[in-house]
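>>> Fold the following for me, if possible:
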Amino acid sequence: MTDISKLGEFGLIHHLTDNIKTKNESTIKGVGDDCAVLHYPDSEVLVTTDMLMEGVHFDLTYIDMQHLGYKSAMVNISDIFAMNGTPRQLTVSMALSKRFKVEDMEQFYSGLRMACEKWGVDIVGGDTTSSYTGLAISITCIGEARKEDVVYRNGAKDTDLICVTGDLGAAYMGLQLLEREKSVYYQQVDEARKKNDKRALEELRDFQPDFAGKEYLLQRQLQTEARGDIIARFRELNIHPTAMMDISDGLSSELMHICKQSNCGCRIYEKNIPIDYQTAVMAEEMNMNVTTCALNGGEDYELLFTVPIGDHEKIQQMDGVKMIGHITRPELGQMLVTRDNQEFELKAQGWNPLSK
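Numbers count the residues shown, from 1 in each chain. This next block holds a predicted model:
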């Protein structure tokens with residue numbers, strides 16, 4: 001294992017990025033100078049930044065560096081798609097403690113590059129520094145869109161259809177599964193240490209979590225996918241959403257953001273919320289309400305969007321898209337209609353990183 005300090009900041013950057021080749025015409029200069037140089041003559045420039053902190057956004061007990069790199073890139077790429085744009089460039093900055101080696105960073109960049117190559121994104125810069133409190137990652141993604149194509153959160157109108165892609169709640173249930181198995185492992189370690197059972201401690205080095213039949217939940221938590229395929233399908237079918245967000249903090253929170261910024265209400269139907277079978281089974285196993293998980297779990301990175309009611313037939317042509325409700329006048333509030341036709345006010349109970 002190679003100590004990062006032996007390479008130094010610039011040595012590490014060159015080691016990780018020297019063989020990166022740019023793909024986009026808008027990338028004039030990538031890694032290797034004081035600034036990246038980008039050129040967008042006829043498009044709106046879209047910029048998004050995410051900060052990911054060890055212990056808040058990820059736990060290295062159960063995510064490896066390659067998956068972390070992939071997910072770190074995808075959550076930013078997803079934000080560009082959520083504006084109906086095309087991601088083009090990405091910068092990555094990291095604060096590292098001494099426990100990380102060069103090989104760890106190679107794995108991180110391997111995942112980062114896989115995500116970028118999937119969507120044709122150029123890695124054009126970043127920074128590294130030291131950390132006394134664990135790993136911190138800051139990624140900025142830059143994209144473009146024609147002015148008339150950009151979709152904001154504030155364009156939803158009364159009678160618009162509310163749609164979501166994919167299924168919801170699986171990433172959250174994957175997190176619950178990982179947390180449960182982590183708890184089981186450390187509980188066994190604590191018991192073995194209390195008994196001074198060296199043989200048991202040795203056997204626990206080969207501890208295997210019980211993930212049988214729950215692989216999809218793990219994939220949804222550890223291998224986030226941005227829905228650029230949906231954006232391409234919009235263009236094929238000539239669909240222009242009136243409002244759109246990606247679902248990072250939970251369906252209820254994101255929908256209420258759209259309602260607030262669009263000055264409107266909504267009605268969504270519990271029976272229409274798409275939920276995978278494994279999600280439902282895991283929720284029952286953990287004695288959790290699966291609808292609550294789908295509404296508030298977060299990290300699905302599916303797209304939540306609204307379209308005019310006239311696009312109903314076009315939406316029906318899109319595989320993996322579900323109409324879950326409609327936009328209403330603001331005085332009607334934000335409501336969830338249950339399977340037995342009761343109505344409850346939606347609550348923004350999605351994940352809040354500042355509550356840590």
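
>>> Which residues are in contact with Lys71?
58, 63, 111, 115, 222-224 (C-beta atoms under 8 Å, 6 or more residues apart in numbering). Using the backbone N, CA and C atoms, a C-beta is placed for each residue, glycine as well.

>>> Just the element for it, please.
helix 65-81 (DSSP states H and E).

>>> Run the chain-centre distance for that helix.
Computed by C-alpha atoms, centre = their mean, to the nearest Å, the chain-centroid distance of helix 65-81 equals 7 Å.

>>> Over to stretch 260-277?
With C-alpha atoms, centre = their mean, you get 19 Å for stretch 260-277.

>>> Restricting to C-alpha, output that stretch in PDB.
Provided in PDB are the C-alpha atoms of stretch 260-277 (Å, rounded to 0.1, in the frame of the first residue of the first chain):
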ATOM      1  CA  LYS A 260     -44.200  25.600  -2.600                       C
ATOM      2  CA  GLN A 261     -42.200  27.000  -5.500                       C
ATOM      3  CA  SER A 262     -45.000  26.500  -8.000                       C
ATOM      4  CA  ASN A 263     -47.600  27.900  -5.500                       C
ATOM      5  CA  CYS A 264     -49.900  24.900  -5.900                       C
ATOM      6  CA  GLY A 265     -51.400  21.900  -4.100                       C
ATOM      7  CA  CYS A 266     -51.300  18.200  -5.000                       C
ATOM      8  CA  ARG A 267     -53.200  14.900  -4.600                       C
ATOM      9  CA  ILE A 268     -51.200  11.700  -4.800                       C
ATOM     10  CA  TYR A 269     -52.600   8.200  -4.500                       C
ATOM     11  CA  GLU A 270     -51.000   5.600  -2.300                       C
ATOM     12  CA  LYS A 271     -52.100   2.800  -4.600                       C
ATOM     13  CA  ASN A 272     -50.100   4.400  -7.500                       C
ATOM     14  CA  ILE A 273     -46.800   4.800  -5.700                       C
ATOM     15  CA  PRO A 274     -44.400   2.300  -7.300                       C
ATOM     16  CA  ILE A 275     -42.800  -0.100  -4.800                       C
ATOM     17  CA  ASP A 276     -40.600  -3.100  -5.600                       C
ATOM     18  CA  TYR A 277     -41.500  -6.500  -4.100                       C
END
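
>>> tally of neighbours for the closest residue to Leu96 other than its chain neighbours?
Setting aside the residues directly before and after it, Leu96 is nearest to Ser131 in space (C-beta to C-beta, 6 or more residues apart in numbering), at 5.8 Å. For Ser131, the neighbour count with other C-beta atoms under 10 Å is 16.

>>> residue contacts, Ser131?
Taking C-beta under 8 Å, 6+ apart, one finds 95-97 in contact with Ser131.

>>> From Ala73, how far off is it?
20 Å (C-beta to C-beta, to the nearest Å).

>>> The stretch 51-200 of the chain: helices as residue ranges?
65-81, 102-118, 170-194, 198-203 (DSSP state H, counting those that start in this stretch).

>>> List the buried residues of the second one.
This points to helix 102-118. 102, 104-105, 107-109, 111-116 (16 or more other C-beta atoms under 10 Å).

>>> now it: how far from the chain's centre is it?
On C-alpha atoms, centre = their mean, the centre of helix 102-118 falls 17 Å from that of its chain.

>>> just the CA coordinates of it, formatted as CSV?
C-alpha atoms of helix 102-118 as CSV (Å, rounded to 0.1, in the frame of the first residue of the first chain):
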residue,chain,number,x,y,z
VAL,A,102,-3.0,5.7,-2.9
GLU,A,103,-4.7,2.4,-3.7
ASP,A,104,-7.9,3.5,-2.0
MET,A,105,-8.0,6.6,-4.1
GLU,A,106,-7.4,4.6,-7.2
GLN,A,107,-10.5,2.6,-6.4
PHE,A,108,-12.4,5.8,-5.8
TYR,A,109,-11.4,7.2,-9.1
SER,A,110,-12.2,3.9,-10.8
GLY,A,111,-15.8,4.2,-9.7
LEU,A,112,-15.9,7.9,-10.4
ARG,A,113,-14.7,7.3,-14.0
MET,A,114,-17.2,4.5,-14.6
ALA,A,115,-20.0,6.9,-13.7
CYS,A,116,-18.6,9.6,-15.9
GLU,A,117,-17.9,7.4,-18.9
LYS,A,118,-21.5,6.1,-18.7
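
>>> ok so, going back, so can I have TSV of the helices of the stretch 51-200 of the chain showing distance to Asn263 and mean pLDDT?
Formatted as TSV, the helices of the stretch 51-200 of the chain follow (distance: least, C-beta to C-beta, whole Å; pLDDT from 0 to 100):
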stretch	distance to Asn263	mean pLDDT
helix 65-81	23	97
helix 102-118	36	95
helix 170-194	30	88
helix 198-203	60	76
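
>>> highest average neighbour count across the ones you listed?
Mean neighbour count (mean count of other C-beta atoms under 10 Å) peaks for helix 65-81 among the helices of the stretch 51-200 of the chain, with a mean of 24.

>>> any idea of the angle that helix forms with helix 102-118?
30 degrees (axes from the mean of the first three to the mean of the last three C-alpha atoms, to 10 degrees).

>>> Let me know the secondary structure of Ile258.
In three-state terms, and counting by DSSP: H, G, I helix; E, B strand; the rest coil, Ile258 is helix.

>>> okay, and the helix or strand of the protein with the least pLDDT?
Within the chain, no helix or strand scores below helix 4-17, which has a mean of 56 by mean pLDDT, DSSP states H and E.

>>> which ones are touching Phe211?
Taking C-beta under 8 Å, 6+ apart as the test, what Phe211 contacts is 177, 181, 218.
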